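Trainee: Sequence and predicted model, in that order:
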Amino acid sequence: GLSHSYKEGKGGVEKDKKLELYHLDQAAIGGHPYARYNLGRHEWKNGNAERAVKHWIIAATQGYDGSIKKLMDEFRSGIVSKDDLAAA
């Protein structure tokens, strides 16, 4: 998608983090679970674990298995609560 093009600087566009995140956000709002998962990854990398978990829960409820796996991993490490896991 467009977010990947801006992330990699491919498809005739230059790398642009703001536009990458904008298009990820738009795709997530549009119901794309992989975009929602990637927003979670972005939040996680920036130290926003609570926001990351919220994105992953939404992506998991939309059927994205990668989010379920990530939530399980973080549950095992004590970061995700049992209630958060149940919400997914």
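Mentor: Sure thing, it's come through.

Trainee: all contacts plus neighbour counts: C-alpha atoms, from now on.
Mentor: Fine.

Trainee: Would you mind measuring from the residue lying closest to residue 62 once chain neighbours are set aside to residue 76?
Mentor: Of all residues not flanking residue 62 in the chain, residue 33 sits nearest, at 5.9 Å (C-alpha to C-alpha, 6 or more residues apart in numbering). To residue 76, residue 33 is 23 Å away according to C-alpha to C-alpha, to the nearest Å.

Trainee: Please identify which of those two sits among more neighbours.
Mentor: Neighbours around residue 33 and residue 76, counted as other C-alpha atoms under 10 Å, are more numerous at residue 33. The numbers are 25 against 12.

Trainee: what kind of secondary structure is the residue in the chain sticking out farthest from the centre in?
Mentor: What lies farthest from the middle of the chain is residue 12; by C-alpha atoms, centre = their mean that is 24.8 Å. Of the three states, residue 12 takes coil under DSSP: H, G, I helix; E, B strand; the rest coil.

Trainee: Tell me how far residue 36 lies from residue 25.
Mentor: Taken as C-alpha to C-alpha, the span from residue 36 to residue 25 is 7 Å.

Trainee: Which one's more surrounded, those two?
Mentor: Per other C-alpha under 10 Å, whichever of residue 36 and residue 25 has more neighbours is residue 36, with 29 against 18.
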